[in-house]
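S.K.: 3D, please:
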Amino acid sequence: MPIRLHSAAIFVTDLDRALVFYRDHLGLPLEKLGSFGAEFLDGETRLGVHPAVHPDAKAMVGRHTGLTFFADDVPARCEALRARGATIVAEPSQTAFGVMALVADPDGNVMALWEDRFPGATP
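M.R.: The predicted structure follows:
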């Protein structure tokens, strides 16, 4: 069996608050919830959101995660997130590879939202 990515992890200080952000505000489907934290997404690759208990995990809270989520209508999604109190770190902007914005969870973990829309393309 070939090796594949199973999950990426984000560490948080308050799991309940993170659940509201990732499940309710960002709209990621919650697959598992337990003492380990939460697991989102229902495809081959999952996103784990875990309480930062270990000192190494605590050091990873509040940073750029390097994660990019594909989303339709990034500008509208950012407005909906802002209305729910989310921090938009970088406003949606047109780039050579689509529309991109950066958003932070309540702990300051930053991730990108990306829409495959190019200059001159009709929505």
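S.K.: list the buried residues for the helix or strand hosting residue 17?
M.R.: Using DSSP states H and E, residue 17 sits in helix 15-19. Neighbour-count burial for helix 15-19 flags 15, 18-19 (criterion: 16 or more other Cβ atoms under 10 Å). No exception for glycine: its C-beta is placed from N, CA and C like everyone else's.
S.K.: what about the longest helix in the chain?
M.R.: helix 74-83 (DSSP state H).
S.K.: contacts for that helix?
M.R.: Residues from elsewhere that reach helix 74-83 (Cβ atoms under 8 Å, 6 or more residues apart in numbering): 25-26, 71, 88, 91-92, 99-101, 103, 113-115.
S.K.: now the residues you listed in a markdown table, with secondary structure and pLDDT?
M.R.: As requested, the contacts of helix 74-83 are exported to a markdown table (DSSP: H, G, I helix; E, B strand; the rest coil; pLDDT from 0 to 100):
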| residue | secondary structure | pLDDT |
| --- | --- | --- |
| 25 | helix | 94 |
| 26 | coil | 94 |
| 71 | coil | 92 |
| 88 | strand | 97 |
| 91 | strand | 97 |
| 92 | strand | 96 |
| 99 | strand | 95 |
| 100 | strand | 96 |
| 101 | strand | 97 |
| 103 | strand | 98 |
| 113 | strand | 97 |
| 114 | strand | 95 |
| 115 | strand | 94 |
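S.K.: now which of those would you call buried?
M.R.: 25-26, 71, 92, 99-101, 103, 113-115.
S.K.: going by distance to residue 35, which of the residues you listed wins?
M.R.: Among the buried ones among the contacts of helix 74-83, residue 26 lies closest to residue 35 (Cβ to Cβ), at 22.6 Å.
S.K.: check contacts around the closest one.
M.R.: Counting by Cβ under 8 Å, 6+ apart, residue 26 makes contact with 69, 81, 103.
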